[in-house]
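Novice: the sequence and its predicted three-dimensional model are supplied below.
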Amino acid sequence: MPDIPRPLLLLLAALVALLAWRRWAPVSYWYLLVFPRKAVWLRWTWRHVASGCGLTKKRHRWWFTTVPGLVASTGVVRVKRRFQRVAVDTKPWMSLPRPVRHGFRITFHLLDGQIPDDYAKVCDRLAHAWRIEAVRVVGCRPGRVTLQGINRDPLAHATPALPPVEPAEGWQAADLLRPVVGVLETGAAWRMDLRLIPHWMNAGATQSGKSNLINALIVGLAPQPVALVGVDLKGGVELSPYAPRLTTLATTRGECVRLLADLIAVMGARMLACRYAGVRDIWHLPDACRPIPVVVVVDELAELYLTADKAEKDEVTRTATALLRIAQLGRAFGIHLVLSGQRIGSDLGPGVTALRAQIGGRICHRVNDPETAMMTLGDLDPDALVAARSIPPELPGVAVVTGSDGRWSRARSGYVSTTAAEQAADAFAHLTPSWAQVASSGLGHELPHAGNPQLAA
């Protein structure tokens with residue numbers, strides 16, 4: 001057997017080391033080896049990429065040019081040198097690319113007449129030109145826009161798991177009503193910030209990750225001093241496992257109507273408390289007087305609007321009016337809505353359309369019909385609608401979500417089993433407030449229950 005040359009052995013060893021480095025330490029491989037080459041290539045090709053994506057501008061500049069004249073009898077060409085006004089392509093100025101965990105960020109100086117939306121519209125073109133997974137607008141300020149290139153999609157390789165919350169760990173005051181429920185496509189944590197966006201709509205088909213998101217929300221809010229209220233018209237089969245951490249759970253439409261009436265009464269008491277204290281919302285009250293925030297989790301929203309006969313029409317009308325009233329006024333008084341459903345369409349009635357207009361947070365998993373996707377995201381951005389419709393079934397938990405800046409991005413909820421959510425509900429059951437504590441206005445006044453025996457208990 002002939003001996004293998006030493007240079008070839010060294011080359012094979014180097015290739016094996018690179019493959020092992022890429023597989024077992026992809027982050028350092030990206031930072032130290034791939035990104036420097038990528039940054040040089042981005043700067044080198046930016047003029048052509050900007051021109052191809054329509055980001056350049058025609059500008060007229062004066063250039064000192066040489067104009068040939070007549071040929072003299074001696075054969076010498078007489079030339080004239082003068083300034084000439086010509087049109088040239090000007091590309092936006094690009095800063096040095098900055099590496100991040102799953103890609104890079106670049107800041108561009110906008111040309112005259114450009115706005116950040118001009119870059120948002122060509123993100124798909126930039127992603128193809130740069131040979132990467134996706135490009136998103138992640139920040140902007142006057143005259144500047146920051147893009148993030150996503151080199152490796154953190155949502156497509158494995159379902160991220162949320163770490164369990166131990167009772168001894170407690171919670172941070174800054175995290176109140178800001179639970180982490182998953183990861184964004186940029187690699188950052190996905191927070192459902194109820195303080196910033198008070199109400200959320202969560203749409204998704206069966207096995208799309210909609211129920212898993214509710215589990216993640218329960219786990220994130222269970223250790224916090226908040227009241228969790230459930231509405232589950234599927235007989236309570238979805239939310240009853242978390243009953244130890246729920247202040248109350250409505251499982252029929254009649255119970256739901258009474259529960260919503262009680263919440264409106266609580267909202268009225270808190271409104272009077274804020275008026276007496278001379279503040280606009282409960283967050284400006286002293287900590288000792290601030291009432292407990294309430295998060296209302298509704299599973300299968302469509303069941304609240306479906307009617308089988310005329311006798312149910314009055315209950316549906318009262319339910320729709322109460323939900324709309326809470327959506328309009330609840331933020332200032334610490335009452336938040338998280339509405340989930342497989343089917344959310346305008347055919348359910350004008351009440352759903354009016355409610356949708358008051359819901360700032362939108363989450364759209366894979367859906368079975370385009371009407372639900374349109375109802376969830378259609379009024380925000382057509383590109384978000386296309387992204388939601390292209391979510392494959394083999395990626396449960398992936399969704400299109402709206403951010404605090406009004407833009408959309410892809411995200412994936414962390415996997416939380418029903419057993420883990422039950423354990424969290426049991427572990428923090430001692431933090432479940434009674435209805436009397438929820439009904440406290442913050443100034444020592446309490447409201448009676450509105451004839452709901454379940455709430456009275």
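Specialist: Sure thing, it's come through.

Novice: and Thr247, what helix or strand is that in?
Specialist: Under the criterion of DSSP states H and E, Thr247 resides in strand 246-250.

Novice: show me what counts as buried in the very next helix or strand once past that strand.
Specialist: Remark: after strand 246-250, the chain's next helix or strand is helix 253-277, criterion DSSP H and E. Applying a neighbour-count criterion of 16 or more other C-beta atoms under 10 Å, one finds 253, 255-264, 266-267, 269-271, 273-274 buried in helix 253-277. C-betas here are computed from N, CA, C, even on glycine.

Novice: same thing with stretch 212-228?
Specialist: For stretch 212-228, burial by neighbour count (16+ other C-beta under 10 Å) applies to 212-224, 226-228.

Novice: quick check: end-to-end length of that stretch?
Specialist: 17 Å (C-alpha to C-alpha, to the nearest Å).

Novice: same check on stretch 344-356?
Specialist: Distances were taken as C-alpha to C-alpha; on that basis the terminal residues of stretch 344-356 are 10 Å apart.

Novice: and the contacts of that stretch?
Specialist: Stretch 344-356 is contacted from outside by 201, 203, 301-302, 305-306, 316-317, 320-321, 323-324, 327, 339, 369, 371-372, 375-376, 379, using C-beta atoms under 8 Å, 6 or more residues apart in numbering.

Novice: now intersect those with the helices, please.
Specialist: Filtering the contacts of stretch 344-356 for membership in helices, criterion DSSP state H, returns 316-317, 320-321, 323-324, 327, 371-372, 375-376.

Novice: returning to that earlier point: what's next to the strand holding Thr247, contact-wise?
Specialist: With C-beta under 8 Å, 6+ apart as the contact definition, strand 246-250 has outside contacts at 227-232, 236, 239-240, 243, 256, 258-259, 294, 425, 432-435, 438, 452, 454-455.

Novice: please convert the buried members of those into ChimeraX selection syntax.
Specialist: Buried members of those can be picked out in ChimeraX with the line below, counting by 16+ other C-beta under 10 Å:
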select :227,228,229,230,231,232,236,239,243,256,258,259,294,425,432,433,435,438,452,455
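
Novice: okay, and which of the contacts of strand 246-250 map to strands?
Specialist: Counting by DSSP state E, the part of the contacts of strand 246-250 found in strands is 227-232, 294.

Novice: list just the nearest of these to Ala25.
Specialist: When these are compared for distance to Ala25, the smallest value, 41.2 Å, is given by Leu228; criterion: C-beta to C-beta.

Novice: what's the burial count for the closest residue to that closest one other than its chain neighbours?
Specialist: Counting by C-beta to C-beta, 6 or more residues apart in numbering, the nearest residue to Leu228 once its immediate chain neighbours are dropped is Leu246, at 5.1 Å. The local packing count at Leu246 equals 20, with neighbours defined by other C-beta atoms under 10 Å.

Novice: how close does Leu246 get to Val296?
Specialist: Applying C-beta to C-beta, to the nearest Å, one obtains 11 Å for the distance of Leu246 from Val296.

Novice: hmm, back to that, tell me which of the buried residues of stretch 212-228 fall in helices.
Specialist: Counting by DSSP H, these place 212-221 in helices.

Novice: between those, which is closest to Asp112?
Specialist: The nearest one, if we look at these relative to Asp112 and count by C-beta to C-beta, is Leu213, at 43.5 Å.

Novice: what's the pLDDT at that closest one?
Specialist: What the model reports for Leu213 is a pLDDT of 93.

Novice: surely it touches Ser413?
Specialist: Yes - Leu213 is within contact range of Ser413, at 4.4 Å (criterion: C-beta atoms under 8 Å).

Novice: which neighbours do these two share?
Specialist: The contact lists of Leu213 and Ser413 share 181-182, 397, 399, where a contact means C-beta under 8 Å, 6+ apart.

Novice: from these, which is closest to Ala311?
Specialist: Closest approach to Ala311 among those (C-beta to C-beta): Ala399, at 36.9 Å.

Novice: in which helix or strand would I find the residue positioned nearest the centre of the chain?
Specialist: Central residue of the chain (C-alpha atoms, centre = their mean): Val401, 3.6 Å from the mean position. Assignment of secondary structure by DSSP H and E places Val401 within strand 398-402.

Novice: that strand to helix 370-377, inter-axis angle?
Specialist: Between strand 398-402 and helix 370-377, the angle comes out at 40 degrees (axes from the mean of the first three to the mean of the last three C-alpha atoms, to 10 degrees).

Novice: next, the buried residues of strand 398-402.
Specialist: Of the residues in strand 398-402, those scored as buried under the neighbour-count criterion (16+ other C-beta under 10 Å) are 398-402.

Novice: okay, the residues you listed in CSV with pLDDT and distance to Cys140 next?
Specialist: As requested, these are exported to CSV (pLDDT from 0 to 100; distance: C-beta to C-beta, whole Å):
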residue, pLDDT, distance to Cys140
Val398, 91, 26
Ala399, 92, 24
Val400, 92, 20
Val401, 92, 19
Thr402, 84, 16
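
Novice: which member of the residues you listed is positioned nearest Gly52?
Specialist: Distance from Gly52 was checked for each of those by C-beta to C-beta. The minimum falls on Val400, at 26.9 Å.
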